[in-house]
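Chemist: Next input, structure requested:
(chains A and B)
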2 protein chains.
Amino acid sequence: MTNPVTVEVTRGALVESRHRGAIVAVDGDGKVVFSVGDIDAGVFPRSACKAMQALPLVESGAADAYGFGNKELALACSSHNGEDEHVALAASMLTKAGRSVETLECGAHWSSSQRVLIHQARTMEKPTALHNNCSGKHAGFICACCHQDIDPTGYVGYDHPLQKEIRGTMESLTGATLGHDNCGTDGCSIPTYAAPLRGLAHGFAKMATGTGLDPVRAKASRRLIEACMAEPFYVAGTDRACTALMQAAPGRIFAKTGAEGVFCAAVPEQGIAIAIKCDDGHSRAAEAMVAATLSRFFDKDSAIRNALTAMATVSMHNWNGIHVGDVRAVAALTQ
Amino acid sequence: MTNPVTVEVTRGALVESRHRGAIVAVDGDGKVVFSVGDIDAGVFPRSACKAMQALPLVESGAADAYGFGNKELALACSSHNGEDEHVALAASMLTKAGRSVETLECGAHWSSSQRVLIHQARTMEKPTALHNNCSGKHAGFICACCHQDIDPTGYVGYDHPLQKEIRGTMESLTGATLGHDNCGTDGCSIPTYAAPLRGLAHGFAKMATGTGLDPVRAKASRRLIEACMAEPFYVAGTDRACTALMQAAPGRIFAKTGAEGVFCAAVPEQGIAIAIKCDDGHSRAAEAMVAATLSRFFDKDSAIRNALTAMATVSMHNWNGIHVGDVRAVAALTQ
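Modeler: Prediction:
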């Protein structure tokens, strides 16, 4: 099926560009409470599922053994900007496990935030793996391995014990069969598995509600989601959508983006979770879609709903500061 | 109508994201020789029509009076990276007209090229209007005004004599009625008008062939297109699609991108021009679409066709250099 237009980009009085996509919101039992488009097609969650991938860090006892608090757990679930605070915390997590940047297998890249990149260019020769947006997740991986006396070497590989554990965890949460047939390689070199959007949302609804999870997983899931909600800067950073969404509703919204237009989110108090895929992979559209969809789960005229509705339309200004158009979720998403 | 998928983004063996769009190729008489999707919908050409907007610079005699060669004319048609050579040439164009950076009304921004941005961050406090990707076009505007004793103040405005002249020129070339009803404000503050894709292609086909143009416009059009083909670095810059396309077929392809997934191109020896719009505005898709469409106009198994076909599929590598997928035009475009 062809997914509907979910986001329009205007210029003056006209629509200049259009984004299509699929959206699903489910409860802990997997019951669909809202949907748009094809929610059964396989979608690579990319970084949107980092909180699932961080479960072994908590369930193994590594997080407790290394004394990790909300900031470290948020960073383990993050796609961060590579700001100084992110880099320092990733390094300190590795130090707790007796490791350093050399153990990271994520590769290095400059920050995707222009502001941070300018700072980086002026203060260092080139970025290290600690600056990789995934360094917190990878530091968490390495800590999970070291605590369990598993050699972290090659921890990004499909057949490494840690990736096997993550694969099993994600199969259990999403209800999807994950393996070579639906596996790709992520930007940071770990496996990423295409799962139905509905299954990704259900996995996060289970994490947010504990429904159907054993006590250890239910507790670890709640702890990770609460850590992200408590420390949204460590999940993304300055001027980032994940951070802004969670700051708009402190302790009430969990939200995590993934590359290629994916977003996963949860409203724990409502017992629901959301998964979104913009067909063309554009994050501006995924951001408008998730804000609009989240707004549906808060009372009309409430401050949070108004804040989310406002985030579903982003004004675009040109180099002279003139308002030239908007990126806006279509009205059907917020009504 | 819903435009078809024109570009797929793969990861492993699966398609991760999809781009839709419209494509049209026409000859000098406006006859459609190839098309995909809705070619009659209005599209903001944005920077893809800069060569049309540069016609007054040449037709007025300003380019000759100021001694402009291919490099200056290419820069007047450019969306450049803000590399040192671009900035210096824009400044020298203004100097010829007795003006300086203060007369530019395009606003300032850092380079959109990461490599150039790092260089800029290390060598200057902040960018000026000369670093704006449109500074060459604006320098050309100012030169066109000054040579004709028109006050350039407010030259970006809808009612300024220069913008009126450009509007008339574009109406004549595209056959579309352009005015407040289909006008938006571009990133550099000048008016941009939504015209049917078919009309944009026809305008460039007229420029490439001279069909139906008076001798002054025919000569100016040929001169601008030849200048861009002769100096492709000054149309865009290092690692840019416009530059690479024109370098792949020296003197045989004209190509110019615009924001929000637009591309215009011409193959003068074949008497055709092409206009492309990716629905969602993603340049990676527009670039694959234009390379694939251009390839159709060169002999099978020729070096140029092979080079263009190769450019219609871009390999994506992750931070460790591992091949993770491709951005590829669908097969129907190249066959």
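Chemist: Please report the distance of the residue in the stretch 1-150 of chain A that chain B sits nearest to from residue B:232.
Modeler: As assessed by C-beta to the nearest C-beta, chain B sits closest to residue A:107 within the stretch 1-150 of chain A, at 2.8 Å. Any C-beta I mention is one placed from the backbone N, CA and C, and that applies to glycine too. Distance of residue A:107 to residue B:232, given as C-beta to C-beta, to the nearest Å: 32 Å.
Chemist: Kindly report the same for residue A:271.
Modeler: Per C-beta to C-beta, residue A:271 is found 57 Å from residue B:232.
Chemist: got it, and residue A:65?
Modeler: Between residue A:65 and residue B:232 the distance is 58 Å, computed by C-beta to C-beta.
Chemist: which of those two has more neighbours?
Modeler: More crowded of residue A:65 and residue B:232, by other C-beta atoms under 10 Å in any protein chain shown: residue B:232, with 23 against 14.
Chemist: and that one, what does it touch?
Modeler: Residue B:232 is in contact with B:74, B:242, B:243, B:245, B:246, B:247, counting by C-beta atoms under 8 Å, 6 or more residues apart in numbering or on different chains.
Chemist: Excluding sequence neighbours, find me the nearest residue to it.
Modeler: Once flanking residues are discounted, residue B:232 sits nearest to residue B:246: 3.7 Å by C-beta to C-beta, 6 or more residues apart in numbering or on different chains.
Chemist: coming back round to it: next one: the residue of the stretch 1-150 of chain A closest to chain B, what pLDDT does it get?
Modeler: For residue A:107, the model assigns a pLDDT of 97.
Chemist: neighbours around it, how many?
Modeler: Neighbours of residue A:107 (other C-beta under 10 Å): 22.
Chemist: cool, and the one 3 residues further on?
Modeler: Residue A:110: 19 surrounding residues under other C-beta under 10 Å.
Chemist: what does residue A:230 give?
Modeler: When neighbours are counted by other C-beta under 10 Å, residue A:230 registers 17.
Chemist: element containing the residue nearest the centre of chain A?
Modeler: Centroid-nearest residue in chain A: residue A:256, 2.5 Å away (criterion: C-alpha atoms, centre = their mean). Assessed by DSSP states H and E, residue A:256 sits inside strand A:254-258.
Chemist: Now the element after that strand, going C-ward?
Modeler: Assigned by DSSP H and E, the successor of strand A:254-258 is strand A:262-267.
Chemist: Taking strand A:254-258 as reference, get the angle to that following strand.
Modeler: Put simply, strand A:262-267 runs at 170 degrees to strand A:254-258, going by axes from the mean of the first three to the mean of the last three C-alpha atoms, to 10 degrees.
Chemist: In the sheet, which strands lie alongside strand A:262-267, parallel or antiparallel?
Modeler: The pairing partners recorded for strand A:262-267 under DSSP bridges are strand A:254-258 (antiparallel), strand A:272-278 (antiparallel).
Chemist: most tightly surrounded among these?
Modeler: Mean neighbour count (mean count of other C-beta atoms under 10 Å in any protein chain shown) peaks for strand A:272-278 among the strands paired with strand A:262-267, with a mean of 30.
Chemist: What's the mean pLDDT across that one?
Modeler: 98.
Chemist: Next secondary structure element downstream of it?
Modeler: helix A:283-295.
Chemist: Against which helices or strands is the longest strand seen in chain A packed?
Modeler: In chain A, with assignment by DSSP state E, the single longest strand is strand A:14-27. Contacts defined by 3 or more C-beta pairs under 8 Å, 6 or more residues apart in numbering or on different chains; DSSP states H and E place strand A:14-27 against strand A:5-11, strand A:32-36, helix A:197-209, strand A:272-278, helix A:283-295.
Chemist: Do me a favour and average the pLDDT over that strand.
Modeler: 98.
Chemist: in its sheet, what does that strand sit against?
Modeler: Applying DSSP bridges to the sheet, strand A:14-27 is found paired with strand A:5-11 (antiparallel), strand A:32-36 (antiparallel), strand A:272-278 (antiparallel).
Chemist: Let me know the angle separating the last one from helix A:283-295.
Modeler: This means strand A:272-278. If you take the same axes, to 10 degrees, strand A:272-278 sits at 160 degrees to helix A:283-295.
Chemist: Having no further points to raise, I will conclude here.
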